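Visitor: sequence and predicted model, in that order:
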Amino acid sequence: MGRLTEAAAAAGGGASAARSARPPPAPLPLSSTSPGCAATMASSEEDGTNGGASEAGDEREAAGKRRRRGLLATAWLTFYNIAMTAGWLVLAIAMVRFYMEKGTHKGLYKSIQKTLKFFQTFALLEIVHCLIGIVPTSVLVAGVQVSSRIFMVWLVTHSIKPIQNEESVVLFLVAWTVTEITRYSFYTFSLLDHLPYFVKWARYNFFIILYPVGVAGELLTIYTALPYVRKTGMFSIRLPNKYNVSFDYYYFLLITMASYIPLFPQLYFHMLRQRRKVLHGEVIVEKDD
Ligand SMILES: CCCCCCCCCCCCC/C=C/C(=O)SCCNC(=O)CCNC(=O)[C@H](O)C(C)(C)COP(=O)(O)OP(=O)(O)OC[C@H]1O[C@@H](n2cnc3c(N)ncnc32)[C@H](O)[C@@H]1OP(=O)(O)O
């Protein structure tokens, strides 16, 4: 299977060509390149100044993407991304206001939970977007990302009330909120062909810190919930019962925590590869043996 990556970008318009080049299907479910892949830098657009040729190339590339995607899908995605940016902005403002008024994080989750649940649940559409092919993200990458968030919102924080005032909840809420404002505004500006460089920069740099912070918040929250779950036996099914099945939510949570070990690095490295591609114009091409 794919053994190595090769950087290739033509001079001048190379950066935009580099960005538009998409790697062939991934050999591993969560990764867009094989694990052994090495990438070299094709060209740099880190300073955001590529000259007129590149700008013209960017416009052609954007027009090409719009044509391929179709008008209706582009209009829907623009609406979706604007709505999501607005939703997470409302959430950010509500959190800042709460903290400024109350001077504590206690009660914060309760005050913002409705907005959080609505917009995070709405994000399930991201899996649909991948499934119907209107965004190029892998269904698995989007699926793991979105389902772990839905799980945290509904099956952990919403369901286990005693943990709602934990500092760890604030940790992941802040990481999610900053990430999503940046991410959805990046998609919106990209779709409108007016992407400010700092938004692009933020999209592909903030995650370096925010991803581990968010994951730490999530893991600590689940960890804090464990004694309560064990004591109450919530969401668990004990034998004997007429279906002859048993389920222990406590062990399910332990397995979920353990699953972060293989899954999170894959998501993180996926983002690092996206970063190299978009900010440094690298082309990651897999070669078959
Ligand atoms: C049942 C229980 C399950 C539990 C499972 C447990 C295991 C979980 C382990 C992992 C846990 C993760 C938890 C998450 C925590 C946090 O989020 S913490 C906060 C920090 N988080 C982040 O920084 C998130 C980073 N992740 C992402 O950005 C995404 O989720 C992603 C799916 C990984 C993004 O990948 P991808 O889409 O491939 O990257 P992009 O570069 O953004 O986009 C690629 C192309 O797709 C286009 N696109 C994507 N979405 C849209 C859209 N909505 N609208 C328009 N276009 C979109 C994008 O423009 C790119 O297009 P091209 O330019 O043509 O390439």
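Guide: Great, that's in hand.
Visitor: chain neighbours aside, what residue packs nearest to Gln274?
Guide: Distances taken as C-beta to C-beta, 6 or more residues apart in numbering put Tyr204 closest to Gln274, at 6.6 Å, once the chain neighbours are dropped. Quick note: C-beta positions are derived from backbone N, CA and C, even for glycine.
Visitor: what is the burial count for the one you found?
Guide: Counted with other C-beta atoms under 10 Å, residues neighbouring Tyr204 total 20.
Visitor: ok, it to Val283 distance?
Guide: 16 Å (C-beta to C-beta, to the nearest Å).
Visitor: what does the stretch 101-250 of the chain have sitting close to the ligand?
Guide: Residues of the stretch 101-250 of the chain found near the ligand (C-beta under 6 Å from any ligand atom) are 135-137, 141-142, 144-145, 147-148, 151, 175-176, 179, 183, 187, 190-191, 207, 210-211, 214-215, 218.
Visitor: contact partners for the residue in the chain positioned nearest to the ligand?
Guide: Residue nearest to the ligand within the chain: Gly214 (2.1 Å; C-beta to the nearest ligand atom). Applying C-beta atoms under 8 Å, 6 or more residues apart in numbering, we find Gly214 in contact with 171-172, 175-176, 179.
Visitor: format these as TSV; extra columns: pLDDT and distance to Lys65.
Guide: Converted to TSV, the contacts of Gly214 look like this (pLDDT from 0 to 100; distance: C-beta to C-beta, whole Å):
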residue	pLDDT	distance to Lys65
Leu171	98	36
Phe172	98	32
Ala175	98	29
Trp176	98	27
Thr179	98	23
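Visitor: which of these fall within helices?
Guide: In helices, defined here by DSSP state H, the members of the contacts of Gly214 are 171-172, 175-176, 179.
Visitor: and the strands in the protein, which stretches?
Guide: 4-6, 285-287 (DSSP state E).
Visitor: the contacts of Gly214, buried ones only, as a ChimeraX selection?
Guide: To isolate the buried ones among the contacts of Gly214 in ChimeraX, judged by 16 or more other C-beta atoms under 10 Å, type:
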select :171,172,175,176,179
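Visitor: related to what we said a few turns ago, what sits against the residue nearest to Gln274?
Guide: 271, 274-275, 278-279.
Visitor: could you do Ala142 as well?
Guide: Counting by C-beta under 8 Å, 6+ apart, the residues that Ala142 touches are 126-127, 129-130.
Visitor: need phi/psi at Ser138.
Guide: The phi/psi pair for Ser138 (degrees, to the nearest 10) reads phi -70, psi 140.
Visitor: any idea how many residues pack against the closest residue to Met234 other than its chain neighbours?
Guide: Among residues not flanking Met234 along the chain, Tyr249 sits closest, at 5.9 Å (C-beta to C-beta, 6+ apart). Using other C-beta under 10 Å, Tyr249 has 21 other residues around it.
Visitor: measure Tyr249 to Thr182 for me?
Guide: Distance of Tyr249 to Thr182, computed by C-beta to C-beta: 34 Å.
Visitor: now Lys200
Guide: Between Lys200 and Thr182 the distance is 10 Å, computed by C-beta to C-beta.
Visitor: wait, what's in contact with the residue most central in space within the chain?
Guide: The residue lying closest to the centre of the chain (C-alpha atoms, centre = their mean) is Gln145, at 5.7 Å. Shown in contact with Gln145 (C-beta under 8 Å, 6+ apart): 126, 267.
Visitor: pLDDT weak spots in the protein?
Guide: In the predicted model of the chain, residues 1-59, 62, 66-67, 284-289 satisfy pLDDT under 70.
Visitor: which stretches in it count as helices?
Guide: All helices of the chain, identified by DSSP H, fall at 14-20, 51-69, 71-102, 108-122, 125-131, 139-150, 167-191, 197-203, 206-232, 249-280.
Visitor: can you put these in TSV and add distance to Lys242?
Guide: What follows is the helices of the chain, written out as TSV (distance: least, C-beta to C-beta, whole Å):
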stretch	distance to Lys242
helix 14-20	58
helix 51-69	50
helix 71-102	43
helix 108-122	32
helix 125-131	34
helix 139-150	30
helix 167-191	38
helix 197-203	52
helix 206-232	23
helix 249-280	20
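Visitor: closest one to His158 among those helices?
Guide: helix 108-122 (6.8 Å; C-beta to C-beta).
Visitor: dump that closest one to PDB, restricted to CA.
Guide: Provided in PDB are the C-alpha atoms of helix 108-122 (Å, rounded to 0.1, in the frame of the first residue of the first chain):
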ATOM      1  CA  LEU A 108     -22.200  28.100  33.700                       C
ATOM      2  CA  TYR A 109     -23.100  24.800  32.100                       C
ATOM      3  CA  LYS A 110     -26.700  25.100  33.200                       C
ATOM      4  CA  SER A 111     -27.000  28.500  31.800                       C
ATOM      5  CA  ILE A 112     -25.700  27.600  28.300                       C
ATOM      6  CA  GLN A 113     -26.700  24.000  28.000                       C
ATOM      7  CA  LYS A 114     -29.700  24.600  25.600                       C
ATOM      8  CA  THR A 115     -27.600  26.500  23.100                       C
ATOM      9  CA  LEU A 116     -24.800  24.000  23.400                       C
ATOM     10  CA  LYS A 117     -27.000  21.000  22.900                       C
ATOM     11  CA  PHE A 118     -28.800  22.600  19.900                       C
ATOM     12  CA  PHE A 119     -25.700  23.500  17.900                       C
ATOM     13  CA  GLN A 120     -23.600  20.500  18.800                       C
ATOM     14  CA  THR A 121     -26.500  18.200  17.800                       C
ATOM     15  CA  PHE A 122     -26.900  20.200  14.600                       C
END
